[in-house]
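S.K.: I'd like to go over a predicted model; first the sequence, then the structure.
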Amino acid sequence: MATGANGSLPLPCKLSFLKVLNRANSMPSFQVRELSSTMPEPEKLQGVHRFAVATASVTVLLLMAGALVTSNDAADSVPDWPLAYGRIIPPLVGGIRYEFAHRVFAAMVTVLAATLAVWLTRQGTRLARKLGLTALLLVIAQALLGALRVLEGHPAITATMHATLAQIFFVTIVSLALITSAWWQNAVESLDDRGSPRLRPLAAFTTAAIFVQLILGAGFRHGAFGILPHLIGFIVVTFLVFWTCRAVRKRFGQVRDLRRWGILLQAFLGTQILLGLAAYWAVAQAMHAVQPSMSYVIISVSHVLVGALTLASSVVLTLSCYRLIRPNAPVALRSAMETTRAAGSRPESSRA
Amino acid sequence: MKTKFFNLALAAIVLFAFAGCGSKQDTNEKPVAETNAKKVVDTSTVGSISGTVTLDGKPVPAKPINMSAEPYCQKEHPKPVVPPEVVVDEKGDLSNVVVFVKDGLGDYTFDTPKEPVVLNQKGCMYDPHIIALMTGQTFEVKNDDQTTHNIHPMPKDNREWNRSQPPGATPIDETFGRAETAIPVKCNVHPWMKSYIFVFKNPYYAISKDGKFELKDLPPGTYTIEAWHEKYGVSDQTVTIGAKESKPVNFTFKVAGASAD
């Protein structure tokens, strides 16, 4: 069985193999990826991929700037929007510095996301074009939510929504960086997953759980929820991440492209757990403090950032699983595939 | 199908962004107009309640404020400044305690004072630390500093507002339409600047100074008197005063917890 990421058959042969099997078994529901017809050459996407990586990197800085605003209790230090104190550059004192830096990074990311979306309409795949447009709409929606937060207050609702949308935007950009990479363009579904539950839905479920956990964390940080839902989420996410990573290790330990994302996800989660414990202590200390301490700011901002990176690594692992592992093929089709392989012949010849 | 799903997802994002964009409920309306004839206090029968507020135990020394984020503020205070949360002398006389009639006044109506209550920003600190005023009374915010502040009260029953005040700006005048206790006020530019506003429908409130307070011109009746301190919580006492009677009421807060006599 061809389970290696470095598959034994060249790409066109594999495609033909899947197409032939599809026709032979008269199974229209079986999806064959039309790589050659819809995907541009990987080299063409190199530029846009690098740009997407740069956008994702600046987005990390934007997330950090946003977290610094909250941790320094500076969210309302600039009461007007889009101007700041009626000017483009406000007096850069106290908390205004954090809020203004956040706005500057937000403007940069908006420009980058718009450029990326336009670039993808010219060069990207259909999926990449859609993701690029989604990212642009998300960043615009995020700016409007930020304005709502400034002008209307209600931090428990608006700030939690703002933090949630920030994570969605970030993983959208990360996904764009992944699907425009040469690796993604060259990779094909070449792995069979015989374990239970299947790794593809398990990884997707883990990603969804991490996302919910980030919402619960943001809700606690902005006063929408207590700490209990976030603590329960921590247990659930820890269990799911270790289950997913164990499945990756056991079933596809030799597949570098899955293994490394699994290791990265575990590393981020481990760091995040330690930061979470530290953040719990820092929040308890901050409750009676007259102003945010340096330790509280550093720990809480790190907790937010590593949370975003944990989600991003889980998204990348999930997408990689969907890219490399075949969907759960129907039994009849699987039997046909296995018979073909057992015969040790090329698919075309076996059909003939 | 995929396109439909994609369009639906985009629509959801836009809806998500605009959720909660509805107009904010304006809770800063003027005091409710009296529909019935005014029931006013008979000044010939009024009495008073006066007393002391003391702290039992030694408070934990507060950490000095770190004003290094704003050089102007730091320059204004050559010596370290501690937050004015617990202001107590060596005898235990506790200041900045709000004492007020919580219950028992019935349906008396009172005129709104014409003079404003002023909150000043000086040396990147609020002066006074605790504010009390009546519904509809002007709340005036001044900035004596050569730096920018924002004034951000965060009420639950009144309208939340947040306004900036650069150096030399004209005073900000606002009012609160509904009675509400302990409205936190913040300057988000200088996060150590915190204050509390109390809004009452009646004039029977006082802020303790050197542990003393007095509620004057109370009509005869039985009242629940509440004392509030930002760190030590609240304490209630029931008092009955007759015509032209003055009664003492003393409150004691304990350092160990929020409970009090």
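M.R.: Cool, the structure landed.
S.K.: can you count the residues close to residue B:190?
M.R.: When counting by other C-beta atoms under 10 Å in any protein chain shown, one arrives at 30 neighbours for residue B:190. C-beta here means a position set from N, CA and C on the backbone, and glycine is covered the same way.
S.K.: next, the closest residue to chain B within chain A: phi, psi?
M.R.: Using C-beta to the nearest C-beta, the point where chain A gets nearest to chain B is residue A:141, with a distance of 3.2 Å. Main-chain torsions, residue A:141, degrees, to the nearest 10: phi -60, psi -40.
S.K.: hang on, isn't it packed against residue A:168?
M.R.: No. In this structure residue A:141 lies outside contact range of residue A:168 using C-beta atoms under 8 Å: 9.4 Å.
S.K.: comparing these two, which residue is more hemmed in?
M.R.: Neighbours were counted for residue A:141 and for residue A:168 using other C-beta under 10 Å; residue A:141 has more, 22 against 19.
S.K.: could you check the pLDDT of the more buried one?
M.R.: Per-residue pLDDT puts residue A:141 at 96.
S.K.: could you list the low-pLDDT ranges of chain A?
M.R.: Scanning chain A for pLDDT under 70 picks out the ranges A:1-42, A:328-352.
S.K.: for it, which residues are neighbours of chain B?
M.R.: Contact residues, chain A versus chain B (C-beta under 8 Å from any C-beta of the partner chain): A:72-80, A:85, A:90-91, A:93-96, A:130, A:133-134, A:137-138, A:140-142, A:144-145, A:148, A:152-154, A:157-158, A:161, A:165, A:289-292.
S.K.: for ChimeraX, what selects the buried ones among the residues you listed?
M.R.: The following ChimeraX line selects those of the residues of chain A next to chain B that are buried, judged by 16 or more other C-beta atoms under 10 Å in any protein chain shown:
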select /A:72,73,74,75,76,77,78,79,80,85,90,91,93,94,95,96,130,133,134,137,138,140,141,142,144,145,148,152,153,154,157,158,161,165,290,291,292
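S.K.: show me the residues of chain A next to chain B that map onto helices.
M.R.: A:96, A:130, A:133-134, A:137-138, A:140-142, A:144-145, A:148, A:152, A:157-158, A:161, A:165 (DSSP state H).
S.K.: ok, now which ones touch residue B:120?
M.R.: Residue B:120 makes contact with B:126-127, B:141-144, according to C-beta atoms under 8 Å, 6 or more residues apart in numbering or on different chains.
S.K.: could you list the low-pLDDT ranges of chain B?
M.R.: B:1-37, B:257-261.
S.K.: quickly find the element holding residue B:173.
M.R.: strand B:172-174 (DSSP states H and E).
S.K.: report the strands that pair with that strand, each with its relative direction.
M.R.: Strand B:172-174 pairs in its sheet with strand B:139-143 (antiparallel), by DSSP bridges.
S.K.: give me the next element, helix or strand, following the strand it pairs with.
M.R.: That would be, after strand B:139-143 and using DSSP H and E, strand B:149-153.
S.K.: report the angle between that following strand and strand B:139-143.
M.R.: Angle, strand B:149-153 to strand B:139-143, by axes from the mean of the first three to the mean of the last three C-alpha atoms, to 10 degrees: 160 degrees.
S.K.: what's next to stretch A:208-215, contact-wise?
M.R.: A:160, A:163-164, A:167, A:171, A:230, A:233-234, A:236-237, A:240-241, A:307-308, A:310-311, A:314.
S.K.: what residues does the stretch 151-261 of chain B have near chain A?
M.R.: Proximity of the stretch 151-261 of chain B to chain A is confined to B:152, B:154, B:160, B:162-164, B:166, B:186, B:188-192, B:194 under the rule C-beta under 8 Å from any C-beta.
S.K.: report the buried members of the residues you listed.
M.R.: B:152, B:154, B:160, B:162, B:164, B:166, B:186, B:188-192, B:194.
S.K.: what's the spacing between residue B:216 and chain A?
M.R.: In this view, residue B:216 and chain A are 34 Å apart by C-beta to the nearest C-beta, to the nearest Å.
S.K.: Provide the secondary structure category for that residue.
M.R.: strand (DSSP: H, G, I helix; E, B strand; the rest coil).
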